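Colleague: generate coordinates for the sequence data below:
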Amino acid sequence: MKTTALTETHIALGAKMVPFAGYNMPVSYEGVNAEHETVRNGVGVFDVSHMGEFLIEGPKALELVQKVTSNDASKLTVGKAQYSCMPNETGGIVDDLIVYRVKDETYLLVVNASNIEKDWEHISKYNTAIGTEMRNISDDYSLLAIQGPKAVEAMQSLSSHDLSAIKFYNFVVGDFAGIDHVIISATGYTGSGGFEIYCKNSEVQQVWDKVFEAGAAYGIRPIGLAARDTLRLEMGYCLYGNDIDDTTSPFEAGLGWITKFTKDFVNSEALEDEKRRTPDRKLVGFELDEKGIPRQGYAIVDGQGKKVGEVTSGTMSPSMGKGIGLGYVPTVFSEVGSKIHVQIRKNRVPATVVKPPFYKTS
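Modeller: Numbers count the residues shown, from 1 in each chain. Alright, predicted model coming up:
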C-alpha cells in the first residue's frame with residue numbers, strides 16, 4: 001500500500017487510517033460531523049496527495065487534451081482550470097478530472113487516485129497518433145486542500161499574492177508558505193470555498209506546518225476523507241466509482257454541461273446522437289421524507305415496492321440533519337418533486353427528488 005509524504009504526520013495526530021485507492025489515508029481525526037462543521041464554518045485541511053497528476057506538454061498538447069476530454073480546453077487561458085471528463089469508446093466515462101493550463105503549451109491533468117494507471121494508458125493510446133510529451137508526476141507531487149469560508153483570510157499571510165483575487169477555477173503559480181513555484185488553485189470538492197495547493201513531496205511538510213501555524217487563530221483542523229465525502233455529497237458532486245463509471249454516460253449523469261461538441265473527441269459522434277434523445281435513466285438527488293440513512297447499493301423502489309434504481313451515494317447530511325443521496329432512476333421518476341422510496345433493510349422509506357446542491361451556501 002502506498003503512503004503520502006504526510007502519512008507519519010497523520011498518524012502522530014491520531015488519525016484513523018484506512019486503505020483507500022491503494023493508499024494508506026486518514027479517514028477521520030475527531031469524527032466526521034465535527035470535521036464537516038469545521039469546513040462549512042471555518043477552515044480545514046485535507047491531504048489529498050493520492051490524486052494523480054499528468055503533464056501534457058509541447059506544440060500538440062492542446063490537440064491531445066481536446067481529443068481525450070469532453071469539455072473545450074481551447075477556452076482555457078494560462079491561469080484557468082476546467083472541470084471535464086474523459087469519455088470511453090462505449091458511451092461511459094473513463095474518469096472525471098480537472099484540466100489546468102499552466103503555460104501556453106503545458107496542461108496539467110488532475111485525475112482520481114484509483115484511476116491513475118487506467119487514465120495514463122487511455123491517454124497514451126490516443127497520443128500514439130498525436131505524439132506530444134506526457135509525464136506522469138503523480139508520485140512526485142503532493143496536494144493539500146485548504147477549504148472553508150475562512151481559508152482566504154487564514155492563509156493570506158503565507159503568500160505575496162492576493163488570495164481573495166483568485167477567482168473560482170483560476171490559479172496562480174507563486175510563493176506559498178516559504179516555497180516558490182507552488183500552484184495555488186481556487187478549486188475544491190467541498191462547496192465551502194478555499195484552495196488546493198500543489199507542491200513537491202519534499203516541500204509539503206513545510207507547507208503543512210506553516211498552514212497550521214497561520215490558521216491556528218482561525219481554529220484550523222486536519223480533515224479526513226469521511227468528511228470530504230459528506231461535504232461533496234451535500235453539493236451533489238459526483239464521485240467516480242459511485243455516481244459515474246465506465247458504464248454511465250455524461251448525459252445520464254447530468255454532465256452534459258461539460259460535454260462540448262465544438263470539437264472532435266473520443267466517442268463524440270455517438271454522444272452527440274445520445275444528446276438528441278431522452279436518456280432512459282438519469283442521476284438524481286433525493287432527500288428522505290422520514291428518518292433513515294440511504295447507503296450506496298440500497299434499492300430505489302416505486303410505490304408498489306418494485307425496484308427501479310439504486311443509490312450510488314448516500315449519507316446523513318451533517319448540515320441538514322436528514323438523509324440525502326444520489327441514484328439512477330428511470331427518466332419518468334427524474335423530475336424534481338417526484339416521489340420515490342429507498343429500501344432500507346425492511347423499511348420502504350419515502351423520498352423526494354430534489355435538484356442538488358442539497359446544501360445551499362449563503
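Colleague: gap between Glu274 and Gly91?
Modeller: Counting by CB to CB, to the nearest Å, the gap from Glu274 to Gly91 is 7 Å. Where C-beta positions appear, they are placed from N, C-alpha and C, glycine not excepted.
Colleague: for Gly194, that is, sorry about that
Modeller: Relative to Gly91, Gly194 is positioned 35 Å away (CB to CB).
Colleague: neighbour count: those two, which is higher?
Modeller: Gly194 (28 against 17; other CB atoms under 10 Å).
Colleague: that one against Val43, yeah?
Modeller: Yes. At 7.1 Å, Gly194 counts as touching Val43 under the criterion of CB atoms under 8 Å.
Colleague: give me the common contacts of those two.
Modeller: Counting by CB atoms under 8 Å, 6 or more residues apart in numbering, the common neighbours of Gly194 and Val43 are 146-148, 151.
Colleague: how about the residues you listed in TSV, adding distance to Lys291 and neighbour count?
Modeller: As requested, the shared contacts of Gly194 and Val43 are arranged in TSV below (distance: CB to CB, whole Å; neighbours: other CB atoms under 10 Å):
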residue	distance to Lys291	neighbour count
Ile146	35	30
Gln147	29	29
Gly148	29	28
Ala151	34	28
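Colleague: farthest-apart pair in these, please.
Modeller: Ile146 and Gly148 (7.7 Å; CB to CB).
Colleague: mutual contacts of these two, please.
Modeller: 43-44, 194.
Colleague: which of those residues fall within helices?
Modeller: Using DSSP state H, no member of the shared contacts of Ile146 and Gly148 sits in helices.
Colleague: ok, so what distance separates the residue of the chain most remote from its centre from Arg40?
Modeller: Computed with CA atoms, centre = their mean, the residue of the chain farthest from its C-alpha average is Gln304, at 35.7 Å. Separation of Gln304 from Arg40 (CB to CB): 39 Å.
Colleague: tell me the pLDDT of the closest residue to Val301 other than its chain neighbours.
Modeller: The spatially closest residue to Val301, leaving aside those adjacent along the chain, is His341, at 4.8 Å (CB to CB, 6 or more residues apart in numbering). For His341, the model assigns a pLDDT of 98.
Colleague: how about the one 3 residues further on?
Modeller: On the pLDDT scale, Ile344 is placed at 97.
Colleague: quick one: the closest residue to it other than its chain neighbours from Lys263, how far?
Modeller: Nearest non-adjacent residue to Ile344, counting by CB to CB, 6+ apart: Gly292, 4.8 Å away. Distance of Gly292 to Lys263, given as CB to CB: 45 Å.
Colleague: show me which of those two is the more surrounded one.
Modeller: Legend: neighbour count by other CB under 10 Å for Gly292 and Lys263, higher for Gly292 (19 against 15).
Colleague: which residues touch stretch 28-43?
Modeller: Looking at stretch 28-43 with CB under 8 Å, 6+ apart, the contacting residues turn out to be 13-16, 44, 146-151, 154, 190, 192, 194, 215, 218-227, 230-231, 318-319, 359.
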